[in-house]
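Asks: Structure for this input, please:
(2 chains)
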Amino acid sequence: MASDEARKPAAERNAAPPARRAAWRDVVTFRGPPQPGLELWLSIAAFLAVLGAWALVAETGLVQPQILPSPFAVVAAWGRLFADGYIGDIGISVGRVWAAFLASALIAIPLGILMSGYRAITALLEPIIDFVRYLPVPALVPLTLIWLGIGEGSKITLLWIGTFFQLILLVADDARRVPKEFIETGRTLGASDSSLMKDVLLRAMLPNMVDSLRITLGWCWTYLIVAEIVASSSGVGYELWTARRYGKSPEVFAGILTIGIIGLVSDQAIRALHRRWFRYLQ
Amino acid sequence: MSFIRISDVAKEFTTPDGGSIPVVRPLSLDIQEGEFVVFVGPSGCGKTTVMRMVGGLETPTSGDIYLKDTLVEGPSRDKGMVFQSYSSFPWLTVLGNIRFGLKYRSDISAAEKEKIARHYLDLVGLTPFADYTINRISGGMRQRVAIARTLAANPLVLLMDEPFGALDALSRERLQLQLMDLRRAERKTVIFVTHDVDEAVLLADRIVVFSKRPARILADIPVSATLPEKRGLDILDHSDFRKIRRDVLALIRNEERSMEAAE
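Replies: Presented below is the predicted three-dimensional model:
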């Protein structure tokens, strides 16, 4: 046997591959190599652990159900909510968020780009934006109610104020971060100011801008709940507040989790689109 | 009047606190049509600023620059620029980038634009990579894309700001030879900024040596008076090549020494 082994070319000897480092070592090494499979299992395990701990604490009666209802009670509450037209509330809330978000984006994107390019526009707008930006949005609720009543207008206006003034600065920053060489290349190829903004600046900043929009959409949800709690008769925020009023803890939990899940799903959807649209960055 | 006339041009940069730093002392330079002029000098001396003023990307503090009897007042398609950093657009393919060079030309039809784009794609040897995205090709290929895109726009003068500075030695050598071929085919007027003296002597019809900042012209060396126009890498062993190289290096070293002495 040994002589057979010796006759083989060097590359074929020692057929056994060198021992691979165990995957668990990689994930506990400082700046170690990625282990996507194991990382996913760790994430799932952590999630299940939190869920399990919650179930354990609630089911053993360690904490009163009024304070911490069990996961099963929350699932049952979901059932009751959906039987009672909760999907309509979700639809209304999502509609409000997107109406305000689109209104913000449609105005903030062109204005942000102009701000990044023209000093006059920055000088005119920046003091106003900076002032409004620091107004706490909940403090504006009474004002929007006085102006617009308790209809859809006041809620969408509130969300718009909460996001527009932040988004315009994010967009302007995204535009400013476009390399100077891209702009100068466009100019030396004969682009006018407007072509430069449309064909070079917008295209170059787009991946970062989609991220800015994604972050802003998250803020929209925060302000939506404020608006719906204070002045509304529909939507997930309203249902949440109503459940609290009647002391229905499982419904409160279900409401909070619903909002979290909607946020997570829309965030992940935009991330997936980002990967798809901007494949050229890889 | 010569093709490019730089006449008593000076440049000062203003600092945020209101002061001013002289970058280019008043200098004059004439460049003939079809000439390949290389600017060399100590790093940070202002040679790039002079070239950027020719391109209309910087405005002279005083003096005028004329390109073909027209005052340079801003960037335009007549003054093509190739940057050191990768300026190819990542959202376009290789061919898409070259097409972009023709995007704002209204003097020719769409079919003709496509023909020209493909011609330059072929000229820089990237036809097999036409549909690659920019992030998938090497640094040398990206610079070839940038050169093809600029040439496709058909500028009067090609301005190159250390275009091969970020490349490895072998890619740089290959691109230098390709640029010489391109240039013979196109007969473009070129201003080329570099800090690599070998590169300067290899490519130049004329080398303009700049002083330390604020820049003035130390020497204007007619390389093509002594070296043949068609050069290969074997020119590196030519005795005249080595003499010019030695002279230029001596001038720059002297400047850098006096910069260190001033500090």
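Asks: tell me the contacts of B:Lys68?
Replies: By CB atoms under 8 Å, 6 or more residues apart in numbering or on different chains, the contact set of B:Lys68 is B:3-4, B:78, B:156. All C-beta spots, glycine's among them, are computed from the backbone N, C-alpha and C.
Asks: Go through the residues you listed and flag which are in strands.
Replies: Among the contacts of B:Lys68, the members found in strands (DSSP state E) are B:Ile4.
Asks: Show me which of the contacts of B:Lys68 is closest to chain A.
Replies: B:Asp78 (8.8 Å; CB to the nearest CB).
Asks: shaky segments in the chain?
Replies: Since you didn't name a chain, this refers to chain A. Scanning chain A for pLDDT under 70 picks out A:1-20.
Asks: The chain in question should be chain B.
Replies: Within chain B, the segments meeting pLDDT under 70 span B:263.
Asks: Of all the helix elements in it, which one is longest?
Replies: Criterion DSSP state H: the longest helix present in chain B is helix B:239-262.
Asks: so what secondary structure elements neighbour it?
Replies: Applying 3 or more CB pairs under 8 Å, 6 or more residues apart in numbering or on different chains; DSSP states H and E, one finds that helix B:239-262 contacts helix B:197-203, strand B:206-210, strand B:217-221.
Asks: Relative to the whole chain's centre, how far out is that helix?
Replies: Relative to the chain's own centre, helix B:239-262 is displaced by 21 Å; criterion: CA atoms, centre = their mean, to the nearest Å.
Asks: By neighbours, which of the contacts of B:Lys68 wins?
Replies: Within those, neighbour counts (other CB atoms under 10 Å in any protein chain shown) peak at B:Ile4, which reaches 23 neighbours.
Asks: Please give me every residue in contact with residue 104.
Replies: This is for chain A. Applying CB under 8 Å, 6+ apart to A:Ser104 gives the contacts A:159-160, A:163-164, A:167, A:216, A:220.
Asks: my bad, chain B
Replies: For B:Tyr104, the contacting residues are A:189-192, A:195, B:77, by CB under 8 Å, 6+ apart.
Asks: Which of those lies at the shortest distance from B:Leu177?
Replies: A:Leu189 (26.0 Å; CB to CB).
Asks: neighbours of that closest one, just the number please.
Replies: Other residues lying near A:Leu189 total 27 when counted by other CB under 10 Å.
Asks: Likewise for B:Gly96?
Replies: 19.
Asks: how about the contacts of A:Ser104 in TSV, adding distance to chain B and neighbour count?
Replies: Below are the contacts of A:Ser104 laid out as TSV (distance: CB to the nearest CB, whole Å; neighbours: other CB atoms under 10 Å in any protein chain shown):
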residue	distance to chain B	neighbour count
A:Leu159	31	28
A:Trp160	30	22
A:Thr163	27	28
A:Phe164	27	22
A:Leu167	22	27
A:Thr216	23	20
A:Cys220	28	22
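Asks: Check the secondary structure at the residue of chain A found nearest chain B for me.
Replies: Closest contact between chain A and chain B, by CB to the nearest CB, is at A:Gly190 (3.6 Å). With DSSP: H, G, I helix; E, B strand; the rest coil as the basis, A:Gly190 sits in coil.
Asks: Also the one 5 residues further on?
Replies: Taken by three-state DSSP, the conformation at A:Ser195 corresponds to helix.
Asks: and it, how far is that from A:Asp174?
Replies: Applying CB to CB, to the nearest Å, the value for A:Ser195 to A:Asp174 is 19 Å.
Asks: which stretches of the stretch 51-200 of chain A form helices?
Replies: Taking DSSP state H, counting those that start in this stretch to define them, one finds helices in the stretch 51-200 of chain A at A:71-83, A:86-117, A:119-133, A:141-148, A:152-176, A:180-188, A:193-195.
Asks: Quick one, which of those helices gets closest to A:Leu38.
Replies: Going by CB to CB, the one of the helices of the stretch 51-200 of chain A nearest A:Leu38 is helix A:71-83, 26.4 Å.
Asks: which residues sit against the closest one?
Replies: A:51, A:54-55, A:58-59, A:65, A:69, A:86, A:239, A:248-251, A:253-255, A:257-258.
Asks: got the residues of the stretch 101-250 of chain B near chain A?
Replies: Residues of the stretch 101-250 of chain B lying close to chain A (CB under 8 Å from any CB of the partner chain) are B:101, B:103-105, B:133-135, B:146, B:149-150, B:153, B:155.
Asks: Take the residues you listed and write them to JSON lines, including secondary structure.
Replies: Listed next are those as JSON lines, based on three-state DSSP:
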{"residue": "B:Gly101", "secondary structure": "coil"}
{"residue": "B:Lys103", "secondary structure": "coil"}
{"residue": "B:Tyr104", "secondary structure": "coil"}
{"residue": "B:Arg105", "secondary structure": "coil"}
{"residue": "B:Thr133", "secondary structure": "strand"}
{"residue": "B:Ile134", "secondary structure": "helix"}
{"residue": "B:Asn135", "secondary structure": "helix"}
{"residue": "B:Ala146", "secondary structure": "helix"}
{"residue": "B:Arg149", "secondary structure": "helix"}
{"residue": "B:Thr150", "secondary structure": "helix"}
{"residue": "B:Ala153", "secondary structure": "coil"}
{"residue": "B:Pro155", "secondary structure": "coil"}
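Asks: so which of these comes closest to B:Leu233?
Replies: Proximity of those to B:Leu233 (CB to CB) peaks at B:Ala146, which lies at 23.2 Å.
Asks: tell me, how many neighbours does the closest residue in space to that closest one that isn't next to it in sequence end up with?
Replies: Nearest non-adjacent residue to B:Ala146, counting by CB to CB, 6 or more residues apart in numbering or on different chains: B:Val82, 5.1 Å away. Neighbours of B:Val82 under the rule other CB under 10 Å: 24.
Asks: residues from the stretch 151-282 of chain A in reach of chain B?
Replies: A:179, A:181-182, A:184-185, A:187-192, A:195, A:199-200, A:203-204, A:206, A:278-282.
Asks: Let's see that with 7 Å instead.
Replies: Counting by CB under 7 Å from any CB of the partner chain, the stretch 151-282 of chain A comes close to chain B at A:181-182, A:184-185, A:187-191, A:195, A:203, A:280-282.
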